[in-house]
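>>> coordinates for the following, if possible.
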Amino acid sequence: MSSFSKIPMFSKEDFDDWKICMQAHLSALDDDIWFVITDGPLTITKINTAVALSGGSPQYIEKPRTEWTAEDKKKANLDNVAKNILYKTLDKNTFSKIKICKIGKEIWEKLIQLSEGNEHTKENKLSVATQKFDNIRMKPGESTAEFDE
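Numbering: from 1, shown residues only. Reported below is the predicted structural model:
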């Protein structure tokens, strides 16, 4: 895995932009890293040969670690890679708030909660923004360019 670009540093003020850049960065490293962030660590499985096939679909069971291939080990380690990358983007204050998270998905969700708030907070922010938008008026003598700023 090679890095295509510098890791975007976490910013609460520019969280929406950071989130987009981070998703692109993680996905560029490995498609499955983003899957790990959204769905949790990958489970390494194999076909269960002890059970008869039903309806033509094989049944899968977790593969014992002793049977893992090099590719299996790489896939199983993607959560550690994701956590490491996320940790590197954080300042000490933010890190102290997420360090109890065990998996990359929990870190990502906690960062979203810290930056965007819960649903009630989001609704309040949207309401305030809508109210500000509704109250926008050009001042007498103000040019369009000045108003645009």
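
>>> lowest mean pLDDT among the helices and strands of the chain, which one is it?
helix 119-134 (a mean of 64; mean pLDDT, DSSP states H and E).

>>> what about the strands in the protein?
45-47, 60-62 (DSSP state E).

>>> among these, which is nearest residue 95?
The minimum distance between residue 95 and the strands of the chain falls on strand 60-62, with 31.8 Å, by CB to CB. Placement of C-beta: from N, CA and C, glycine included.

>>> in its sheet, what does that closest one sit against?
Taking DSSP bridges as the criterion, strand 60-62 sits next to strand 45-47 (antiparallel) in its sheet.

>>> and stretch 104-114, what's buried?
For stretch 104-114, the neighbour count (16 or more other CB atoms under 10 Å) marks 104, 105, 107, 108, 110, 111 as buried.

>>> what's the average pLDDT for that stretch?
For stretch 104-114, mean pLDDT rounds to 96.

>>> could you dump the buried residues of stretch 104-114 into TSV with distance to residue 13 added?
TSV is the format used below for those (distance: CB to CB, whole Å):
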residue	distance to residue 13
104	23
105	24
107	19
108	18
110	18
111	13
